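**Q** Just to be clear, the model below is a prediction. Sequence and coordinates:
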Amino acid sequence: MANYKITPEELRYKLSLSLQDKIDMTCERIEQWHEHYNGLVYVAFSGGLDSTVLLDIVRNKAFIPEAKDIPAVFFDTGLEYPEIRDFVKTFKNVEWLKPKLTYRQVIEKYGYPLISKEQSSFIQEYRDTKSEKLRDIRFNGSIDGNGKISEKWKFLIDAPFKISDKCCDILKKNPVKKYSKQTGRKAIIGTRVDESFRRKINYFKFGCNAFDKKDPTSTPLSFWTRQDILNYIEKYNIKYSSIYDMGYDRTGCMFCMFGVQNEKGQNRFQKMKITHPKIWDYCINKLGIGDVLDFIEVPYE
């Protein structure tokens, strides 16, 4: 832990700060990032609550000349809720990036995103590798702690459909890499450490402004909580997508199955049948997601 740039103690302190202190600290990180790259930055804008707050801070709170000229970038994967797309269209200076493949083409070629990005990757590697050593590691693990397929999900090795973690890379990461290469702009992203263990570890390693990463990114909301986001929206009367008034706590790709097995109460697909029945029918019956959910015993009706 001594090699980390940010210690767990520092993170706990930052998480406990007042909303105004967090806004001030976030503005400082954004200003540093903007100055370091001579203004060649952009805001990754999903239309969700976190990125909506981030865009407002960048354009209205941070002390940046011509802040409204900083572009927002929306990843038009074809999997966004219609309410999200309509909401994004209300903002100026937003660039829409489209992937080369559709979601249907991705799942047909590579497989379905299932359980988690890590587990999908391990299952695909086990199935496709020609290396017996790697296959053994993915099934049994290794002394140095290399990841393996969870005991709970080993039955997916014999699933009658492809499983892969490639979806996000193809639909989001590849288009943004192309955009960054063409424009020279570096990303400001609205992720938080309380969303995943991986994001917390990255924060410990790099802090908010990861100048030293292979793909430098700024995550100036890292030490915010979901309640901070909600408090900011209420305090400044920020408009947000109507999807959040329809029973959804989180948005993202409509057909993604990562983590659906852990959702309590109505899961995302059960909600979708009520709020977006035509899209639900296409998803469950035309894309074959109903068969996949049946296989892992997750309800969708």
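**A** In hand now; what should we look at?

**Q** which residue packs closest to R29, ignoring adjacent ones?
**A** Closest residue to R29 apart from its sequence neighbours, by Cβ to Cβ, 6 or more residues apart in numbering: P220 at 3.9 Å. Glycine gets a C-beta too; all of them are placed from N, C-alpha and C.

**Q** I meant to write T52 there.
**A** Computed as Cβ to Cβ, 6+ apart, the closest residue to T52 that is not its neighbour in sequence is Y240, at 5.6 Å.

**Q** on that earlier part again, show me what contacts the residue nearest to R29?
**A** Residues counted as contacts of P220 (Cβ atoms under 8 Å, 6 or more residues apart in numbering) are M25, T26, R29, I30, W33, L54, I57, I188, C208, N209.

**Q** Which of those fall in helices?
**A** Within the contacts of P220, residues falling in helices by DSSP state H are M25, T26, R29, I30, W33, L54, I57.

**Q** Most neighbours among those residues, which one?
**A** Among these, L54 has the most neighbours (other Cβ atoms under 10 Å), with 29 neighbours.

**Q** Based on its surroundings, how many neighbours for the spatially closest residue to that one that is not a sequence neighbour?
**A** Nearest residue to L54, sequence neighbours excluded (Cβ to Cβ, 6+ apart): G190, at 3.7 Å. Using other Cβ under 10 Å, the number of residues around G190 comes to 25.

**Q** Tell me the pLDDT of G190.
**A** pLDDT for G190: 96.

**Q** sorry, back to before: what's the closest of the ones in helices among the contacts of P220 to G48?
**A** Nearest to G48 among these is L54, at 9.8 Å by Cβ to Cβ.

**Q** if I've got this straight, T90 is in a strand?
**A** No - counting by DSSP: H, G, I helix; E, B strand; the rest coil, T90 is not part of a strand but coil.

**Q** got a list of what it touches?
**A** K239.

**Q** separation between it and L156?
**A** Using Cβ to Cβ, to the nearest Å, one gets 41 Å for the distance from T90 to L156.

**Q** One more: K68?
**A** In terms of Cβ to Cβ, K68 sits 47 Å off from L156.

**Q** More neighbours: which of these two?
**A** L156 (22 against 11).

**Q** on that earlier part again, and for the residue nearest to T52, the neighbour number?
**A** Y240 sits with 16 neighbouring residues when counted by other Cβ under 10 Å.
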